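1. everything below, folded, please.
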Amino acid sequence: MSKVVLNVTMSLDGFMAGPDVSVEHPMGRGGLRLHEWIFDTSASEVDTAVTRETLDSTGAVVLGRRTFDVGVGVWKDTPYPVPCFVLTHNARSQMVMKSGPFIFVTDGLKGALQQAQAVAGGKDVTLMGADIAQQALTARLVDEINLQIAPVLLGGGRRLFDHLGMEPIELERTRILASPHVTHLRFHATYARKTPSNGVPTPDLDG
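-> Sure, this is the predicted structure:
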């Protein structure tokens, strides 16, 4: 089955977007700085390889309606050239773009992930947007986190790792790649092992 993956660039102080995210400022004020490693013509071979790897490994995308609303005018297309499932409360017909359709899903995150995995062809399902990421992490539905740390302190904005509840989420670091522009980290989500009253840890079968 397809892995559920977060691909996120974050500032050193933990923000994945600047303050005041809007249609005029889809990444918030100052947030475009986070993605310079992708769009800068002087990007290193490491950055270029990671970008290509992400594109090649993604078979479908799940994103929130807010991310769609502020992003579609910038993308002028789907953010990846694959089917993109938009989690929303308001049903609407799919929107066919040059590189694939936006499909609007009203039956919750698990329903959106099931639809995305069904069309991903064994490739990854990539999550986009803080709300979707936080919901998926809290529900223990994320298999892998690819985290890019940009060498900047934004000082405010939208944090990725907020509202995750009180239960620990254990991660196994599986890769570190460094470039002059960003540090690429990869983690496999192992989640926590539950410890019953007898003190013997047992696997988290819900993970």
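2. got the contact list for the helix or strand of the chain with the lowest mean pLDDT?
-> Ranked by mean pLDDT, DSSP states H and E, the weakest helix or strand in the chain is helix 36-39, scoring a mean of 86. The contact list for helix 36-39 (C-beta atoms under 8 Å, 6 or more residues apart in numbering) reads 9, 43, 47, 51, 148, 150, 179, 181-182. Placement of C-beta: from N, CA and C, glycine included.
3. is it possible to get TSV of those residues that adds neighbour count, distance to Gly73 and pLDDT?
-> Compiled in TSV, the contacts of helix 36-39 are given as follows (neighbours: other C-beta atoms under 10 Å; distance: C-beta to C-beta, whole Å; pLDDT from 0 to 100):
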residue	neighbour count	distance to Gly73	pLDDT
Thr9	22	20	95
Ala43	19	24	68
Asp47	21	26	92
Thr51	15	22	92
Gln148	23	24	96
Ala150	20	24	95
Ser179	17	30	91
His181	17	26	91
Val182	26	26	94
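4. tell me where the model's unsure across the protein.
-> Applying pLDDT under 70 to the chain flags residues 41, 43, 166, 192-207.
5. tell me the spacing between Lys3 and Asp162.
-> According to C-beta to C-beta, to the nearest Å, Lys3 and Asp162 sit 23 Å apart.
6. the more surrounded of these two?
-> Lys3 (18 against 11; other C-beta atoms under 10 Å).
7. check contacts around the nearest residue to the more buried one once chain neighbours are set aside.
-> Nearest residue to Lys3, sequence neighbours excluded (C-beta to C-beta, 6 or more residues apart in numbering): Asp143, at 4.1 Å. Going by C-beta under 8 Å, 6+ apart, Asp143 touches 3-5, 188-189.
8. over to Leu137?
-> 6, 161, 164, 169, 189.
9. same deal with Pro151?
-> Pro151 makes contact with 12, 181-183 under the criterion C-beta under 8 Å, 6+ apart.
10. again, only this time at 10 Å
-> Listed by C-beta atoms under 10 Å, 6 or more residues apart in numbering, the contact set of Pro151 reads 11-12, 33, 37, 180-183.
11. buried only: go through these for me.
-> The neighbour count (16 or more other C-beta atoms under 10 Å) marks 11, 37, 181-183 as buried among the contacts of Pro151.
12. now secondary structure too, for these, in CSV please.
-> Below are the buried ones among the contacts of Pro151 laid out as CSV (DSSP: H, G, I helix; E, B strand; the rest coil):
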residue, secondary structure
Ser11, strand
Trp37, helix
His181, coil
Val182, coil
Thr183, strand
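13. so what does the one helix or strand Thr126 maps to touch, helix or strand wise?
-> Taking DSSP states H and E as the definition, one finds Thr126 inside strand 124-128. Packing partners of strand 124-128 (3 or more C-beta pairs under 10 Å, 6 or more residues apart in numbering; DSSP states H and E): strand 4-11, helix 45-57, strand 58-64, helix 65-75, strand 84-87, helix 108-119, helix 130-138, strand 144-150.
14. what sits against His188?
-> Applying C-beta under 10 Å, 6+ apart, the residues near His188 are 3, 142-145, 170-175.
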